[in-house]
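K.L.:
got a sequence here, can you build the structure:
(one chain, ligands or ions: 1)
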Amino acid sequence: PKVLVYQDGMNAQDLGKLLHREPAEIVKKLFMLGMMVNQNQSLDKDAIELLATDYGIEAKEKENVNVSDIDKFFNEEEHNTDYQESRPPVVTIMGHVDHGKTTLLDYLRHSHITAGEAGGITQAIGAYQLKHGDQTITFLDTPGHAAFTAMRARGADITDVTVLVVAADDGVMPQTVEAIDHAKAAGTPIIVAVNKIDKPNANPQHVKEHLMNYGLVPEDFGGDTIFVDISAKNGTNVDELLNMILLQSEVLELKANPKQNGAGSVVEARLDKGKGPVATLLVQQGTLHVGDPIVVGDTFGRVRTMTNENGKDIKDAKPSTPVEITGLNDVPEAGDRFIVFNNEKTARAAGEERAKESQIEERKQNNRVTLDNLFDSMKQEDMKQVNVIIKADVQGSVEALAGSLKKIDVEGVKVNVIHASVGAVNESDVALAEASNAIIIGFNVRPTPQAKTQAETDKVDIRLYQVIYNAIDDVEAAMKGMLDPTY
Ligand code: GDP
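P.N.:
Residues are numbered from 1 along each chain as shown. Coordinates of the predicted model:
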């Protein structure tokens, strides 16, 4: 490093890590500079600066981590681009129920376990990596867009590529369309796996044609969406699908800096009777090591054990690697972010501060866009568009509403329909609204009880109408700051 960003009170071990030197070497160096210390002894500012100067490095004291600012800290770590290496893609599989997501994940898992690892007991930890040729791909083992979007709502954008599974005998179904919109809202490219081509009534061509209505145009029709016909059950063309995932990833030029403190997101977490809190983490930046002091969401600890999906102990995990860790003092939530701190004291302080902060977070949810605060939000947050989700009883109404809402233009701010479909307002709609700060408009439909509860918790605004004109009028009035408040 050219600059040593240190904290008062660090010891030779901490400094060794930062300087990429053995702690013993640091101790020796300090001895030569006239200081007799052991590896664990705290050093004062003067000592650290003297040491840095001796290495020819500029020393800068880290501002006493303003722990309430941990998100900023996280982002700085995340964007540390001094050094970059390619990393494997992280893939999520989505699609309509029964179209073959689980079958595909299982096939991939079982066909690609390397012989050396077969001894271990494979466990479902929410994610796994497989080798294809000399390359690696990380799969999130939590199919379904609700999980995907719930994580995004908590701030974790972890998917690089979405594989959309569509059964060739069933075609495009409501959750297929939902999945497309969720992937689009997250900004990930979509690869279509047309599944079940072994079935006699499979019609992959029909799936292709139908998906063009949703902006997924295959290459042979002049578009840029990759389609692969597969049978997840028999494994037909699954290797080709992996090739295509790698091809798509190459275009994305996925990179990360493995030489910084580890940072990433929680994939899943649970309380184990024997081991205590257990969390599956996806490393997104830096390298995570056993022993690292870590803050995970509102909790903290030290990485006590770290295992891969085969239950094998590993010492270090680089970007895009999923690992299961123990050593936290509480169970975090899926989608929480984690970051490694240089010493346990700051990690603890940050963790405790975050726990307090999460109450503030809850209050922050009140900033979520609603029709009532739309005008103010537009002004305060310099919004360029108003995100809306439309649910209606029949397709004709969906289209009429979407068409009219898209035409609204208030001083250059437009309505962006991120999802529109037939059916009750469901949990997945609420999750998408939460993640994308959208308002839900229902026409002649109601929310499901679960969606209603979730919307109340997440402060997502659901508006129900029986007259299309009223819906359009309300949105426009709200954007102009002229909506009559509802009490
Ligand atoms: P999910 O709900 O999307 O996870 O779907 P599943 O993976 O559970 O698959 C639903 C059903 O379709 C199961 O009975 C599978 O055996 C079957 N299935 C999945 N893929 C294929 C396939 O490629 N060919 C055939 N014939 N059946 C399949």
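K.L.:
low pLDDT regions in the stretch 201-350 of the chain?
P.N.:
Filtered on pLDDT under 70, the stretch 201-350 of the chain yields the residue ranges 347, 350.
K.L.:
need the residues of it near the ligand, please.
P.N.:
231-233 (Cβ under 6 Å from any ligand atom). Backbone N, C-alpha and C define where each C-beta goes, glycine included.
K.L.:
now list the buried members of those.
P.N.:
Buried members of those, scored by 16 or more other Cβ atoms under 10 Å, are 231-232.
K.L.:
in a markdown table, list the residues of the stretch 201-350 of the chain next to the ligand along with secondary structure.
P.N.:
Below are those laid out as a markdown table (DSSP: H, G, I helix; E, B strand; the rest coil):
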| residue | secondary structure |
| --- | --- |
| Ser231 | strand |
| Ala232 | coil |
| Lys233 | coil |
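K.L.:
and the residues of the stretch 201-350 of the chain next to the ligand as JSON lines, adding distance to Ala127?
P.N.:
What follows is those, written out as JSON lines (distance: Cβ to Cβ, whole Å):
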{"residue": "Ser231", "distance to Ala127": "24"}
{"residue": "Ala232", "distance to Ala127": "19"}
{"residue": "Lys233", "distance to Ala127": "23"}
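K.L.:
in contact with the nearest residue to Val165 once chain neighbours are set aside, which residues?
P.N.:
Leaving aside its sequence neighbours, Val165 sits nearest to Gly95 (Cβ to Cβ, 6 or more residues apart in numbering; 3.6 Å). Neighbouring residues of Gly95 by Cβ atoms under 8 Å, 6 or more residues apart in numbering: 101, 143, 164-167, 175-176, 179, 195.
K.L.:
if we use 10 Å, what do you get?
P.N.:
101, 104, 143-145, 162-167, 173, 175-176, 178-180, 192-193, 195 (Cβ atoms under 10 Å, 6 or more residues apart in numbering).
K.L.:
among the residues you listed, name the ones in helices.
P.N.:
Under the assignment DSSP state H, the contacts of Gly95 contribute 101, 104, 145, 175-176, 178-180 to helices.
K.L.:
what about Asp239, neighbour count?
P.N.:
Neighbour count of Asp239, defined by other Cβ atoms under 10 Å: 15.
K.L.:
assign it to helix, strand or coil.
P.N.:
Asp239 carries the three-state label helix when classified by three-state DSSP.
K.L.:
roughly how far apart are it and Arg463?
P.N.:
As judged by Cβ to Cβ, to the nearest Å, Asp239 and Arg463 stand 48 Å apart.
K.L.:
what do you get for Val166?
P.N.:
From Val166 to Arg463 the distance is 32 Å (Cβ to Cβ).
K.L.:
who's more crowded, the two?
P.N.:
Val166 (27 against 18).
K.L.:
hang on, the earlier thing: which members of the ones in helices among the contacts of Gly95 additionally contact the ligand?
P.N.:
Lys101.
K.L.:
of the ones in helices among the contacts of Gly95, buried ones?
P.N.:
By neighbour count, with 16+ other Cβ under 10 Å, these hold 101, 104, 145, 175-176, 178-180 as buried.
K.L.:
heading C-terminal from the one helix or strand Val266 maps to, find the next helix or strand.
P.N.:
Following DSSP states H and E, one finds Val266 within strand 263-272. Using DSSP H and E, the next helix or strand after strand 263-272 towards the C-terminus is strand 276-285.
K.L.:
which elements pack onto the helix or strand following that following strand?
P.N.:
Sequence-wise, the next helix or strand downstream of strand 276-285 (DSSP H and E) is strand 288-289. The contact analysis (3 or more Cβ pairs under 10 Å, 6 or more residues apart in numbering; DSSP states H and E) places strand 288-289 against strand 299-307, strand 316-317, strand 337-340.
K.L.:
most tightly packed of those strands?
P.N.:
Of all the helices and strands packed on strand 288-289, strand 337-340 has the most neighbours on average by mean count of other Cβ atoms under 10 Å, namely a mean of 24.
K.L.:
surely Ser86 and Asn257 touch.
P.N.:
No. The pair Ser86 / Asn257 is not scored as a contact, 11.4 Å apart, by Cβ atoms under 10 Å.
K.L.:
where does the prediction get shaky in the stretch 51-200 of the chain?
P.N.:
For the stretch 51-200 of the chain, applying pLDDT under 70 flags the ranges 62-82, 113-123, 143-147, 154-155.
K.L.:
that one: helices as residue ranges?
P.N.:
Using DSSP state H, counting those that start in this stretch, the helices of the stretch 51-200 of the chain run over 70-78, 101-111, 145-153, 174-186.
K.L.:
which one of the ones you listed is the most hemmed in?
P.N.:
helix 145-153 (a mean of 24).
K.L.:
closest residue of the stretch 301-450 of the chain to the ligand?
P.N.:
Closest approach between the stretch 301-450 of the chain and the ligand, counting by Cβ to the nearest ligand atom: Ser428, at 14.5 Å.
K.L.:
element containing that residue, please.
P.N.:
Ser428 is located in helix 427-436, with elements delineated by DSSP H and E.
K.L.:
who are the packing partners of that helix?
P.N.:
On a contact count with 3+ Cβ pairs under 10 Å, 6+ apart, helix 427-436 meets helix 145-153, helix 174-186, strand 385-392, strand 413-422, strand 439-443, helix 449-458, strand 462-465.
K.L.:
so that helix versus strand 385-392, what angle?
P.N.:
Between helix 427-436 and strand 385-392, the angle comes out at 180 degrees (axes from the mean of the first three to the mean of the last three Cα atoms, to 10 degrees).
K.L.:
could I get the average pLDDT for helix 427-436?
P.N.:
Across helix 427-436, pLDDT averages out at 88.
K.L.:
okay, the helices and strands packed on strand 288-289 in TSV with distance to Ile226 next?
P.N.:
Output for those, formatted as TSV (distance: least, Cβ to Cβ, whole Å):
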stretch	distance to Ile226
strand 299-307	34
strand 316-317	29
strand 337-340	30
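K.L.:
right, and those strands - which one's nearest Asn416?
P.N.:
With Cβ to Cβ as the criterion, Asn416 lies closest to strand 337-340 of the helices and strands packed on strand 288-289, at 26.6 Å.
K.L.:
the closest one pairs with which strands, parallel or anti?
P.N.:
Strand pairing for strand 337-340, using DSSP bridges, gives strand 263-272 (antiparallel), strand 293-296 (antiparallel).
K.L.:
go through the first one and flag the buried ones.
P.N.:
Neighbour-count burial for strand 263-272, with 16+ other Cβ under 10 Å as criterion, is recorded at 263-269.
K.L.:
nearest to Glu381 among those?
P.N.:
Ser265 (24.7 Å).
K.L.:
contact partners for that closest one?
P.N.:
90, 151, 154-158, 280-284, 296-297, 332, 334-338.
K.L.:
now the buried members of the residues you listed.
P.N.:
For the contacts of Ser265, buried by 16+ other Cβ under 10 Å: 90, 151, 154, 156, 158, 280-284, 296-297, 332, 334-338.
K.L.:
and Asn416, what's its pLDDT?
P.N.:
On the pLDDT scale, Asn416 is placed at 92.
K.L.:
start at 12, not 1
P.N.:
New numbering, starting at 12: the last item is Asn427.
K.L.:
need the contact list for it.
P.N.:
For Asn427, the contacting residues are 196, 395-399, 416-417, 447, 449, by Cβ under 10 Å, 6+ apart.
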